[in-house]
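Engineer: Okay, here's the prediction I keep looking at, along with the sequence it came from:
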Amino acid sequence: SRARVRRLCIKTNEFVCLLKCLCTVMFFSVSIHIVTCLSFLSLESLEMINVDEVIEKLLLNPSHNPAAPPSSSSRGGAAVVAAPHISHSLRQLSEAEVRYLVLESRNLFMSQPMLVEIQAPVRLCGDVHGQYFDLLRLFDKAGYPPEQNYIFLGDYVDRGKQSLETICLLLAYKIKYPLNFYLLRGNHECSSINRIYGFFDECKRRYSVKIWKQFTDTFNCMPVAGLVEERILCMHGGISPELRSLDQIHKILRPTDVPDSGLICDLLWADPSEQTIGWGQNDRGVSWTFGADVVERFIRQHDLDLICRAHQVVEEGYQFFSQRRCVTVFSAPNYCGEFDNMAAVLCVDEELNCSIIQIEPQYGAPVPAATAAAAHGSYR
């Protein structure tokens, strides 16, 4: 009798264990199914987003057709593009729209090389730093995509009040015109920098920390250099003592953060210096300065005509170096509302002739939140 009771207890325990296992399996199956369904619905909602409608909303002009450039007229043989109406009350994109821009552009960046090869004619722009209304003025004067092809050299966020509108419009144009519109990475497209200088706080205040992290993932996939017709090398910062062959840039693996030293760091952080012969210490505390002799040697070794970079405020919006072998382009006028500098766009035609479009400061317009003192800090 005791043996039968013992056998019955054992069978009961086995049944209970089996039941628990079945419940656990069913729970995980249901959980996975729910997660899969939610993911599918999320992807489906992103697929329903129309980039034209996003551009329309960002340009703040319901009558503007983003599938084509704004209407233009001819003045002196040059196209003068009519600006979209600029309202000081920005229309906020939905979080789904922002997420679509971030994820779709990440895929595009990964599908294109780390050193993008670009055909002329093209227009090269430097730092814009969240000065959204000035970015619209730049397009108004230099032309809207796809009427003009563009390379932006980085530093889209931080400092300015509208970093989100700025980067979202640029990403939207990248998605709309992937072979006519290129965005290179700047030193502010790095989490350790934009965590401090404004972009993180703007994302957190207006959307969520998760959106900022998704931007970080996309920034980690951006190309770091461009080559126009194999003759004009473009980057945000400068050249590197480690750069022996342009193939090294092609071989950089993504996604990648920006290390404290090395090739990627120099491409995003280095500066030319009239006072430097060879390579020197950079006052930023990061990367190097390089002299005119380094530029001349690099140009000769790599059979180039010009190095075009950004990264520094210059009074006229552009500044040549090393007997016009290197040029700095800066595209945020009256930077931080304090510098009174002009902005510039470098225009390269089919024959690789270069000309400059300048944009004057617009006083009384919305200005960035950053101060001149902050802009003079170790990181710029």
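Structural biologist: On my side now, so go ahead.

Engineer: where does the stretch 201-350 of the chain have low pLDDT?
Structural biologist: Across the stretch 201-350 of the chain, nothing is flagged by pLDDT under 70.

Engineer: so where do the strands sit in it?
Structural biologist: Here the stretch 201-350 of the chain has its strands, by DSSP state E, counting those that start in this stretch, at 225-228, 232-234, 271-272, 279-281, 288-290, 306-309, 318-321, 326-329, 343-348.

Engineer: Need those in a markdown table (columns: distance to Leu153).
Structural biologist: All C-beta spots, glycine's among them, are computed from the backbone N, C-alpha and C. Shown next, in a markdown table, are those (distance: least, CB to CB, whole Å):
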| stretch | distance to Leu153 |
| --- | --- |
| strand 225-228 | 8 |
| strand 232-234 | 6 |
| strand 271-272 | 14 |
| strand 279-281 | 22 |
| strand 288-290 | 17 |
| strand 306-309 | 7 |
| strand 318-321 | 12 |
| strand 326-329 | 7 |
| strand 343-348 | 10 |
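
Engineer: Let me have those strands in CSV, extended by mean neighbour count.
Structural biologist: Shown next, in CSV, are the strands of the stretch 201-350 of the chain (neighbours: other CB atoms under 10 Å):
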stretch, mean neighbour count
strand 225-228, 23
strand 232-234, 25
strand 271-272, 24
strand 279-281, 15
strand 288-290, 24
strand 306-309, 24
strand 318-321, 18
strand 326-329, 25
strand 343-348, 25
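
Engineer: Looking at the ones you listed, which is nearest to Thr256?
Structural biologist: strand 225-228 (13.6 Å; CB to CB).

Engineer: and Tyr318, what is it in contact with?
Structural biologist: 327-330, 344, 346, 356, 358 (CB atoms under 8 Å, 6 or more residues apart in numbering).

Engineer: In CSV: the residues you listed, plus distance to Ser105.
Structural biologist: As requested, the contacts of Tyr318 are exported to CSV (distance: CB to CB, whole Å):
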residue, distance to Ser105
Val327, 27
Thr328, 26
Val329, 23
Phe330, 24
Ala344, 26
Leu346, 24
Ile356, 29
Gln358, 29
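
Engineer: Ser208: which of those is nearest?
Structural biologist: The shortest approach to Ser208 among these belongs to Phe330, at 31.7 Å (CB to CB).

Engineer: State whether the closest one and Asp127 are indeed in contact, as I suppose.
Structural biologist: Yes: Phe330 is within contact range of Asp127, at 5.6 Å (criterion: CB atoms under 8 Å).

Engineer: Can you check which residues contact both of these two?
Structural biologist: Residues touching both Phe330 and Asp127 (CB under 8 Å, 6+ apart): Ala310.

Engineer: I'd say Val102 and Phe215 touch.
Structural biologist: Yes: between Val102 and Phe215 there is a contact at 5.7 Å, judged by CB under 8 Å.

Engineer: the more surrounded of the two?
Structural biologist: Taking other CB atoms under 10 Å, Val102 and Phe215 do not tie; Phe215 has more neighbours (29 against 21).

Engineer: That one reaches Lys204, doesn't it?
Structural biologist: No: counting by CB under 8 Å, Phe215 stays clear of Lys204, with 11.6 Å between them.

Engineer: before we move on, back to that, and the strands of the stretch 201-350 of the chain: which comes nearest Pro121?
Structural biologist: That would be strand 343-348 among the strands of the stretch 201-350 of the chain, by CB to CB, at 6.1 Å.

Engineer: Can you name every helix or strand that the closest one contacts?
Structural biologist: If contacts are counted by 3 or more CB pairs under 8 Å, 6 or more residues apart in numbering; DSSP states H and E, strand 343-348 sits against strand 122-125, helix 132-142, strand 326-329, strand 354-359.

Engineer: May I see those arranged in JSON lines, with distance to Arg297 as well?
Structural biologist: Putting the helices and strands packed on strand 343-348 into JSON lines (distance: least, CB to CB, whole Å) gives the following:
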{"stretch": "strand 122-125", "distance to Arg297": "23"}
{"stretch": "helix 132-142", "distance to Arg297": "33"}
{"stretch": "strand 326-329", "distance to Arg297": "12"}
{"stretch": "strand 354-359", "distance to Arg297": "22"}
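
Engineer: and of those, who's closest to Leu58?
Structural biologist: Per CB to CB, nearest to Leu58 of those: helix 132-142, 8.8 Å.

Engineer: For the closest one, C-alpha coordinates in PDB please.
Structural biologist: The C-alpha trace of helix 132-142 is given here as PDB (Å, rounded to 0.1, in the frame of the first residue of the first chain):
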ATOM      1  CA  TYR A 132      17.900  75.300 -39.300                       C
ATOM      2  CA  PHE A 133      16.700  78.600 -40.700                       C
ATOM      3  CA  ASP A 134      20.100  79.400 -42.000                       C
ATOM      4  CA  LEU A 135      20.200  76.000 -43.700                       C
ATOM      5  CA  LEU A 136      17.000  76.900 -45.500                       C
ATOM      6  CA  ARG A 137      18.500  80.200 -46.500                       C
ATOM      7  CA  LEU A 138      21.500  78.300 -47.800                       C
ATOM      8  CA  PHE A 139      19.300  76.200 -50.000                       C
ATOM      9  CA  ASP A 140      17.400  79.300 -51.100                       C
ATOM     10  CA  LYS A 141      20.600  80.900 -52.300                       C
ATOM     11  CA  ALA A 142      22.600  77.800 -53.600                       C
END
